[in-house]
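*Asks:* no sequence on this one, just coordinates:
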């Protein structure tokens with residue numbers, strides 16, 4: 001027998017509600033196992049003390065009342081419910097998102113005016129465009145002058 005089976009049958013052994021071959025197996029285990037032996041002797045001492053008490057009058061209803069009172073105490077204690085993270089986290093995320101959206105809509109930063117690069121308008125009066133007003137012979141002569149001055153041709 002293992003310790004669990006023996007510990008379940010110790011009270012039956014002490015009271016005497018056990019078959020002789022099972023009693024021998026349990027006593028053999030108790031002699032080998034210090035933990036079960038300690039439980040056996042402790043329970044036997046408790047029963048001896050309770051039965052030797054002269055003031056104790058056992059009534060038939062005692063154990064029923066005892067079990068009923070224990071059952072009532074167990075039923076009256078409320079089980080502690082775990083914290084509902086599966087509800088709180090989505091609610092907090094939704095509230096944070098709503099707060100961010102409201103903040104963005106109500107307190108939106110005003111865009112600053114950025115200086116755009118001014119592209120100068122092309123003016124036909126610009127001296128660079130005077131080349132196109134020249135005749136083809138004058139253009140050829142102008143190109144020769146530029147080439148001689150800058151490229152030495």
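*Replies:* Nice, I can see it. Computed from a predicted model, the values in this text were never measured in an experiment.
*Asks:* remind me, longest helix of this structure?
*Replies:* helix 85-106 (DSSP state H).
*Asks:* could you pull out the helices for this structure?
*Replies:* 3-15, 20-32, 34-52, 62-76, 85-106, 136-151.
*Asks:* so which of those is nearest residue 130?
*Replies:* Nearest of the helices of the chain to residue 130, taken as CB to CB: helix 136-151 at 9.6 Å. Heads up, the C-betas are built off the backbone N, CA and C, glycines and all.
*Asks:* retrieve the pLDDT associated with residue 109.
*Replies:* We have a pLDDT of 69 for residue 109.
*Asks:* again but with residue 96, I slipped
*Replies:* 95.
*Asks:* pLDDT-wise, which helix or strand of the protein ranks last?
*Replies:* Taking mean pLDDT, DSSP states H and E as the measure, the helix or strand of the chain with the lowest value is helix 62-76, at a mean of 73.
*Asks:* show me what it is packed up against.
*Replies:* Applying 3 or more CB pairs under 8 Å, 6 or more residues apart in numbering; DSSP states H and E, one finds that helix 62-76 makes contact with no other helix or strand.
*Asks:* quick one: low-confidence parts of this protein?
*Replies:* Scanning the chain for pLDDT under 70 picks out the ranges 53-60, 74-79, 109-127, 129, 153.
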